[in-house]
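Chemist: Everything below, folded, please.
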Amino acid sequence: MRLHWPSQAAEWTEALPVGNGRLGAMVFGGAGRSRVQVNDATVWSGTADGPSRALADVLAAGAGPARLAEVRAAIFAGELERATELLMSFEGRYSQTYLPYVDLWITLPEGESHGRTLDLSTGVVTERLTIGGVEVVRRVWTSETALCVEIVGAVPLDVEVTTPLREVSRNVLDLVIEIPVDSAPRHEPQVDAPVYGSGAAERGMVSVRINADGDRWFLTLISSTTTESHWRGQRRSDLPTLLNACDVRFGHVPDEVNVPDLLLGPEGNSKEHEQLTASVLFAFGRYLLASSSRPGAPPANLQGIWNGELRPAWSSNYTININTQMNYWAAEVTGLAECHEPLLELLEKLAVTGAEVARDLYGARGWVAHHNTDAWGWALPVGMGHGAVSWAIWQMGGAWLVQHAWDHYDFARTWSTLERAWPLLRGCAEFCLDWLVEGPDGYLDTCPSTSPENWFLVDGGPQALTWSATMDVVLIRAVFERTLALALASARSDPLLAEISAALPRLRPVPVFDGRLGEWVSDLPEEDPTHRHMSHMVSVYPLGQIVAGTPLGDAAVQTLDRRGNGAMGWSWAWKMALRARLGDGETLRSLLSEASQAFTGDRHRDAPFDGSEWGGLLPNLFSTHPPFQIDGNYGFTAALAEVVVQSHTSVIDILPALPSGWSRGSARGLRCRGGLSVDVSWDDGDVSVRVRRLSGDASELVPVSINGEVTEVVVSDVVELRGRISC
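Modeler: The predicted structure follows:
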């Protein structure tokens with residue numbers, strides 16, 4: 001599949017992304033002076049000792065286990081204002097910023113661009129130009145080690161590299177750059193940013209080399225190294241291999257799609273257009289993840305690896321109450337398990353920095369993380385003492401993020417993935433055990449507790465603090481159950497298992513009020529009934545604790561109905577995934593239609609959260625709030641995979657949420673839990689399925705459901721099945 005734009009980019013949100021996980025670039029195109037904006041995934045402000053120094057500052061301000069006891073007493077006594085005031089002392093400053101790096105400027109004579117094409121199977125951007133009557137072709141891509149710009153055509157050119165950071169030295173086209181030691185988010189405008197150090201600061205070096213064959217062929221190579229060398233993973237495959245491991249097509253998909261036409265909306269048969277849109281968004285999301293998350297570099301952040309601003313929204317870091325998790329929902333199911341590796345490495349860092357925070361701040365074993373983290377493993381709350389507790393004070397960031405270690409194991413079922421997941425889940429379970437306290441009615445409760453980033457009303461005023469918000473309880477239940485499952489799979493004997501087994505039945509059940517899933521421990525009125533977060537719905541997706549066709553599944557449907565459709569990119573994507581899990585393809589279709597509209601507002605303004613300026617897609621297909629956040633793109637891919645295959649129960653369910661009228665399609669290489677790969681094709685109700693074993697237990701019975709009819713098979717190699725569905 002190739003995506004075509006008929007003109008060059010006038011601004012960053014029209015440029016096209018390429019990347020190899022370490023180097024990322026936005027390609028503008030055009031004759032004359034053309035920009036390629038370059039990022040290096042390891043270029044973050046801050047220092048390795050930043051998290052420890054911040055913890056010391058918070059402890060010195062009076063936070064710690066004794067004050068935590070005061071907070072808990074105030075919450076259980078209903079003194080929420082006092083509890084909020086006390087909790088502010090637990091807030092550190094802020095996690096650090098993912099920064100822009102350099103700009104590559106290539107100057108050609110003036111001419112005409114005939115458009116840019118992004119090939120989603122190779123990751124190459126191709127542009128054709130006419131310059132002085134000469135046909136010129138420019139290609140931009142990333143190899144394993146470099147950003148490559150190839151120009152074919154008899155034209156003169158000039159190459160220049162600039163940086164928005166501090167330039168240390170330059171030797172021809174070798175550029176040494178100093179990286180700031182601190183950079184505050186732009187929602188803290190009172191703090192100057194970026195800040196440079198006076199000692200041995202982190203540095204990066206960019207090298208540019210130009211190869212030429214006469215005056216008709218030029219190849220410019222940009223390579224980079226930084227002194228932030230603690231990312232230890234090694235790349236194991238190239239981009240085309242990753243991209244071609246999985247493919248999903250709804251309806252007819254041409255070889256080349258004109259993106260402006262796609263964004264204009266349907267002509268004629270709207271089902272054809274929506275199926276094409278779904279196919280493009282599925283492939284584009286996989287392309288972005290494979291391009292922005294590879295072993296040997298930090299995980300994909302709020303903007304993947306593409307950022308052109310010194311002070312980007314929310315520091316372009318890791319928001320771990322939904323956004324980072326959504327980045328990786330598609331990794332295992334769409335055959336990008338290798339792309340999960342950087343997130344697992346970040347988890348292993350958090351298990352170290354978060355252990356210090358758990359011990360010193362809360363007097364707990366194990367490890368903890370909160371609302372934000374960064375490439376250094378920040379584990380404290382953020383907020384600088386004035387951040388709203390609705391988002392800044394949430395101790396379950398690690399409990400959600402660690403589910404990815406389980407998923408990495410659950411899809412593969414190999415010894416190596418089990419051994420990697422075990423210490424992460426065990427450490428998180430330790431913290432959860434110590435975080436729980438006995439509540440007023442005998443249950444084990446989390447306290448303080450919030451439901452990110454929502455508020456409830458007490459005496460007409462908004463409050464966020466309570467105990468045992470539903471999201472807390474379902475995440476802890478998942479941590480406990482999955483830790484026990486790992487121990488069983490590895491025949492481990494560990495005294496912690498008895499503690500977990502004793503605590504599990506004392507967790508609160510998911511509450512239901514007025515036919516809907518309760519977000520808090522009691523039936524509290526919401527300040528915003530259509531809030532963009534669906535925190536209490538995490539039990540449906542991605543955890544799979546609540547399934548369709550059950551009383552709690554019915555309550556989940558009622559909850560979504562009350563929340564409503566409209567949202568911003570990532571919220572649309574989560575609602576699509578939730579509807580797919582609940583078998584509601586028709587509402588998923590309407591959500592997709594909303595989410596894929598071209599955004600026509602101000603792309604450069606951070607929109608309010610009240611829904612008045614919620615965005616769809618930018619000209620380059622990036623999802624936006626605004627501002628741009630890439631999680632929506634990744635989330636669309638994950639949600640659309642759920643339309644075709646689901647495996648969160650003990651059954652592989654084929655086409656469980658297919659919208660009516662999507663009567664033809666195919667999927668190749670979707671992954672299922674248990675080490676399985678599934679191919680599906682359907683045509684006017686006839687369904688063909690191939691199940692292939694990649695790893696795991698070859699003697700295990702695998703139930704496969706087509707239109708509710710379950711067939712049990714033993715998949716030792718490849719099994720083929722056929723059936724009928726209503727479409």
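Chemist: list the helices and strands the longest helix seen in the chain packs on?
Modeler: Secondary structure of the chain per DSSP state H: the longest helix is helix 337-362. Contacting helix 337-362 under the criterion 3 or more Cβ pairs under 8 Å, 6 or more residues apart in numbering; DSSP states H and E are the following elements: helix 50-60, helix 65-76, helix 329-333, helix 397-401, helix 403-412, helix 415-435. All C-beta spots, glycine's among them, are computed from the backbone N, C-alpha and C.
Chemist: Of those, which is nearest residue 103?
Modeler: helix 50-60 (27.5 Å; Cβ to Cβ).
Chemist: Could you check the angle the closest one makes with helix 337-362?
Modeler: 20 degrees (axes from the mean of the first three to the mean of the last three Cα atoms, to 10 degrees).
Chemist: got a list of contacts for helix 50-60?
Modeler: For helix 50-60, the external contacting residues (Cβ atoms under 8 Å, 6 or more residues apart in numbering) are 89-93, 96, 182, 353, 356-357, 360-361, 376-380.
Chemist: Give me the buried entries from the residues you listed.
Modeler: Among the contacts of helix 50-60, the ones that count as buried by 16 or more other Cβ atoms under 10 Å are 90-93, 96, 182, 353, 356-357, 360-361, 376-380.
Chemist: Can you tell me which of those lies closest to residue 715?
Modeler: Using Cβ to Cβ, the buried ones among the contacts of helix 50-60 come closest to residue 715 at residue 377, 39.4 Å.
Chemist: quick one: secondary structure of that closest one?
Modeler: Classification of residue 377 using DSSP: H, G, I helix; E, B strand; the rest coil returns coil.
Chemist: who's in contact with residue 223?
Modeler: With Cβ under 8 Å, 6+ apart as the criterion, the residues that contact residue 223 are 145-147, 206-207, 209.
Chemist: cutoff 6 Å now
Modeler: Residues in contact with residue 223, defined by Cβ atoms under 6 Å, 6 or more residues apart in numbering, are 145-146, 207.
Chemist: So which of those is the closest to residue 407?
Modeler: Taking the contacts of residue 223 together and measuring to residue 407 by Cβ to Cβ, the closest member is residue 145, at 29.8 Å.
Chemist: Skip the chain neighbours and tell me the closest residue to that closest one.
Modeler: Among residues not flanking residue 145 along the chain, residue 223 sits closest, at 5.9 Å (Cβ to Cβ, 6 or more residues apart in numbering).
Chemist: Specify the beta-bridge partners of the one you found.
Modeler: Note on residue 223: beta-bridge partners residue 207, judged by DSSP bridges.
Chemist: State the distance from it to residue 207.
Modeler: 5 Å (Cβ to Cβ, to the nearest Å).
Chemist: Next: residue 41.
Modeler: 17 Å.
Chemist: who has more neighbours, those two?
Modeler: residue 41 (30 against 16; other Cβ atoms under 10 Å).
Chemist: can you pull the contacts of the nearest residue to the more buried one once chain neighbours are set aside?
Modeler: Nearest residue to residue 41, sequence neighbours excluded (Cβ to Cβ, 6+ apart): residue 297, at 4.1 Å. Listed by Cβ under 6 Å, 6+ apart, the contact set of residue 297 reads 21-22, 41, 231.
Chemist: And the pLDDT at residue 297?
Modeler: Residue 297 carries a pLDDT value of 94.
Chemist: how much space between it and residue 336?
Modeler: 15 Å.
Chemist: Then residue 613?
Modeler: Counting by Cβ to Cβ - residue 613 and residue 336 are separated by 32 Å.
Chemist: What distance do you get for the most centrally placed residue in the chain to residue 539?
Modeler: The chain has residue 327 as the residue nearest its centroid, 1.4 Å off, counting by Cα atoms, centre = their mean. Relative to residue 539, residue 327 is positioned 20 Å away (Cβ to Cβ).
Chemist: next one: residue 478
Modeler: Distance from residue 478 to residue 539, by Cβ to Cβ: 8 Å.
Chemist: thinking again about what came up before, to residue 316, which of the helices and strands packed on helix 337-362 lies closest?
Modeler: Between the helices and strands packed on helix 337-362, helix 50-60 lies closest to residue 316; by Cβ to Cβ that is 16.8 Å.
Chemist: mind checking pLDDT for the residue nearest to residue 135 when sequence neighbours are not counted?
Modeler: Of all residues not flanking residue 135 in the chain, residue 153 sits nearest, at 6.3 Å (Cβ to Cβ, 6+ apart). At residue 153, the model reports a pLDDT of 96.
Chemist: What values do phi and psi take at residue 153?
Modeler: phi 150, psi 150 (degrees, to the nearest 10).
Chemist: My read is that it contacts residue 133, right?
Modeler: No: using Cβ atoms under 6 Å as the test, residue 153 is too far from residue 133 to be in contact (10.8 Å).
Chemist: Out of the buried ones among the contacts of helix 50-60, which is nearest to residue 404?
Modeler: Closest to residue 404, out of all of the buried ones among the contacts of helix 50-60 and judged by Cβ to Cβ, is residue 377, at 15.5 Å.
Chemist: show me what contacts the closest one?
Modeler: 51, 349-350, 353.
Chemist: Kindly report the same for residue 502.
Modeler: Taking Cβ under 6 Å, 6+ apart as the definition, residue 502 has no contacts.
Chemist: would you say it is within a strand?
Modeler: No: using three-state DSSP, the assignment for residue 502 is helix, not a strand.
Chemist: sorry, back to before: which two from the contacts of residue 297 end up farthest apart in space?
Modeler: 21 and 231 (10.1 Å).
Chemist: who has more neighbours, the two?
Modeler: Neighbour comparison, residue 21 and residue 231: the larger count goes to residue 21, with 30 against 19 (by other Cβ under 10 Å).
Chemist: For the residue nearest to residue 33 when sequence neighbours are not counted, give me the pLDDT.
Modeler: Excluding the flanking residues, the one nearest residue 33 by Cβ to Cβ, 6+ apart is residue 107, at 4.7 Å. At residue 107, the pLDDT value in this model is 97.
Chemist: does residue 107 have beta-bridge partners, and which?
Modeler: With DSSP bridges as the rule, residue 107 is bridged to residue 33, residue 158.
Chemist: Could you measure from it over to residue 353?
Modeler: From residue 107 to residue 353 the distance is 45 Å (Cβ to Cβ).
Chemist: measure the closest residue in space to residue 45 that isn't next to it in sequence to residue 133 for me?
Modeler: Spatially, and ignoring its direct neighbours in sequence, residue 45 is nearest to residue 183 (3.6 Å; Cβ to Cβ, 6+ apart). Distance, residue 183 to residue 133, by Cβ to Cβ: 48 Å.
Chemist: Likewise for residue 626?
Modeler: 41 Å.
Chemist: of those two, who's got more company?
Modeler: residue 626 (23 against 6).
Chemist: Regarding that one, what is its secondary structure?
Modeler: Per three-state DSSP, residue 626 ends up coil.
Chemist: Tell me how far it lies from residue 592.
Modeler: Counting by Cβ to Cβ - residue 626 and residue 592 are separated by 19 Å.
Chemist: Count the residues that sit near residue 213.
Modeler: Residue 213, neighbours per other Cβ under 10 Å, totals 9.
Chemist: That one bridge partners, please.
Modeler: In beta-bridge terms (that is, DSSP bridges), residue 213 pairs with residue 217.
Chemist: gap between the closest residue to residue 648 other than its chain neighbours and residue 651?
Modeler: Distance criterion Cβ to Cβ, 6+ apart; nearest residue to residue 648, sequence neighbours excluded, is residue 544 at 3.3 Å. Computed as Cβ to Cβ, the residue 544 to residue 651 distance reads 12 Å.
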